[in-house]
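In: please find the sequence and the predicted model below.
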Amino acid sequence: MNRRLVLAALLFTSFIIRLPVHSSFAQAPENEPPPALESPPPLSGASESSTTPAPADGNQPPELLPQEHTDAVIVLGELRNAVILSPNNAEARLKLAQGLYRIGDLDTALDETRVAIKLDSHNAKAYVQLGVTLIAKHDGPAASIALMEAIMLDPQLTHAHYTLGSVQYSLGNLEAAIQSYRRALDLQPNFPDARYRLALVLKLANRDREATLLMEDAAISGVPQAQYFIGNAYRHGQGVEKNPALAIRWWVKALEFGQQRAGESLSQLRRQALSPSQPAQRRTEALEAFRQYRRELWDDYPDAGRHDPHESLGAALLKDGQTSNGVAALFAEAFAISETAHDELARLYETGLDTSLAQFDKRILACFATTAADGFIPAKKALARIYGKGLGVTLDLQKAKAMVKGLSEQEMNAVLDEIAAQ
């Protein structure tokens, strides 16, 4: 049978079994557990405030920095010259198409890719480029045909299988997407992003246990989105045994790589631990999770001697001369509402620490602002003192007074008296 007829039949089948896909995995309110996983984004993309993560498969043209854009334009000129010298060279046309795609000129990239295919109809990589460009133009059905053509020409192209998985998801064909991601992993087992995407689609197919195992593999391999989702799984016992302390650890890792929703989950748990309006059992559970997390941090440094159950790991590492590790641990403990770590950071905010922490370091100020907003009283006191005395910030007595609202009268007076005594 003609290859194009086969492709058309396959695509028609994908429309017949098309499933409605909804993004229903947003962060839940405090009194409802958020789901562990969420759906991958549709190929049409999502806004910055969307509850779904941005595509991680490289199918959208990258946003270039000014210098990178200049470099890309220079390279593009060289590629254009190569085509002028060899207009019938399919490889030169394909490289030009890739250069055009890189700077976001999708229409011209599409034209050059089609010329490359016309010159060499057996070039599988050209069909992959065609598929990727069509995805960027939000034409999933045409992209699917191009990618299946690439796979027929070269079944070993991992990128083609992986990208086809995203297209099949966008068409609502979950089983086909699962097969494509599995094939990508067969060809390249060390492919954490494919594990992450496969886990998301398996979750949509209600195969929760398998989804969670793959998600944890991707998290261990360093995919921040996977770290966030596996944290949710441990927080609520979805597919794994419930372990809030381990959830905190995964969220902290994800936050280190800029996964802001992990920060939101940590904030939600801090509010649960600190809010007097929360039921006693929920507060106790959250407080114990943070305590357990702080205890387990010591296991990462078996040579650090612990002499007091309330001792800060960060402070102990600083005393031991491990400055970098000590500073990192102090921040981790402070975000996990450790008063001793918080007090040490408050001291270092005023003094600085060699080249590791500048005096009035903005990271410490941001840490205090985050935990104070969640109701951590030591952070409120510290910020009141900082703004009341103008320590590294513009003196602002109104802001200082606002920080101590909600404290006991004794605590409030103690802070205000200290400010007044400057």
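Out: Looks like it arrived, so ask away.
In: alpha carbons only for contacts and neighbour counts from here, please
Out: Fine.
In: now residue 86: closest residue in space that isn't a chain neighbour?
Out: Ranked by Cα to Cα, 6 or more residues apart in numbering and with sequence neighbours excluded, the top spatial neighbour of residue 86 is residue 92, at 7.5 Å.
In: got a list of what the one you found touches?
Out: When contacts are counted by Cα atoms under 8 Å, 6 or more residues apart in numbering, residue 92 touches 79, 82-83, 86.
In: just the ones of the residues you listed in strands?
Out: Helix and strand membership here follows DSSP state E; of the contacts of residue 92, not one is in strands.
In: rebuild the residues you listed as CSV, extending it with distance to residue 266.
Out: Conversion of the contacts of residue 92 to CSV gives the following (distance: Cα to Cα, whole Å):
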residue, distance to residue 266
79, 48
82, 53
83, 53
86, 57
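In: list the buried residues in the longest helix seen in the chain.
Out: Residue-count comparison of every helix in the chain, with assignments taken from DSSP state H, identifies helix 66-85 as the longest. For helix 66-85, the neighbour count (16 or more other Cα atoms under 10 Å) marks 72-73, 76, 79-80, 82-83 as buried.
In: give me the angle between the following helix or strand past that helix and helix 66-85.
Out: Moving toward the C-terminus from helix 66-85, the next helix or strand (DSSP states H and E) is helix 90-102. Comparing the axes of helix 90-102 and helix 66-85 via axes from the mean of the first three to the mean of the last three Cα atoms, to 10 degrees yields an angle of 150 degrees.
In: output helix 90-102 in PDB with nothing but the alpha carbons.
Out: Provided in PDB are the C-alpha atoms of helix 90-102 (Å, rounded to 0.1, in the frame of the first residue of the first chain):
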ATOM      1  CA  ALA A  90      19.000  19.000   0.700                       C
ATOM      2  CA  GLU A  91      21.200  19.000   3.800                       C
ATOM      3  CA  ALA A  92      22.000  22.700   3.400                       C
ATOM      4  CA  ARG A  93      18.300  23.400   3.000                       C
ATOM      5  CA  LEU A  94      17.500  21.500   6.200                       C
ATOM      6  CA  LYS A  95      20.200  23.300   8.200                       C
ATOM      7  CA  LEU A  96      18.800  26.600   6.900                       C
ATOM      8  CA  ALA A  97      15.300  25.600   8.000                       C
ATOM      9  CA  GLN A  98      16.600  24.700  11.400                       C
ATOM     10  CA  GLY A  99      18.300  28.100  11.700                       C
ATOM     11  CA  LEU A 100      15.100  29.900  10.700                       C
ATOM     12  CA  TYR A 101      13.100  27.900  13.200                       C
ATOM     13  CA  ARG A 102      15.600  28.900  15.900                       C
END
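In: three-state assignment of the nearest residue to residue 275 once chain neighbours are set aside?
Out: For residue 275, the nearest residue in space outside its immediate sequence neighbours is residue 375; the separation is 6.8 Å by Cα to Cα, 6+ apart. Residue 375 carries the three-state label coil when classified by DSSP: H, G, I helix; E, B strand; the rest coil.
In: returning to what we had before: name the residues that touch the longest helix of the chain?
Out: Helix 66-85 is contacted from outside by 89, 92-93, 95-96, 99-100, 102-103, using Cα under 8 Å, 6+ apart.
In: okay if I get those as TSV plus pLDDT and distance to residue 172?
Out: Shown next, in TSV, are the contacts of helix 66-85 (pLDDT from 0 to 100; distance: Cα to Cα, whole Å):
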residue	pLDDT	distance to residue 172
89	94	38
92	94	36
93	93	33
95	93	32
96	93	33
99	92	31
100	91	30
102	89	28
103	87	30
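In: just among those residues, which is most surrounded?
Out: Using other Cα atoms under 10 Å as the neighbour criterion, residue 93 leads those with 28 neighbours.
In: residues touching that one, list them.
Out: With contacts defined as Cα under 8 Å, 6+ apart, residue 93 is in contact with 83, 87, 112-113, 115-116.
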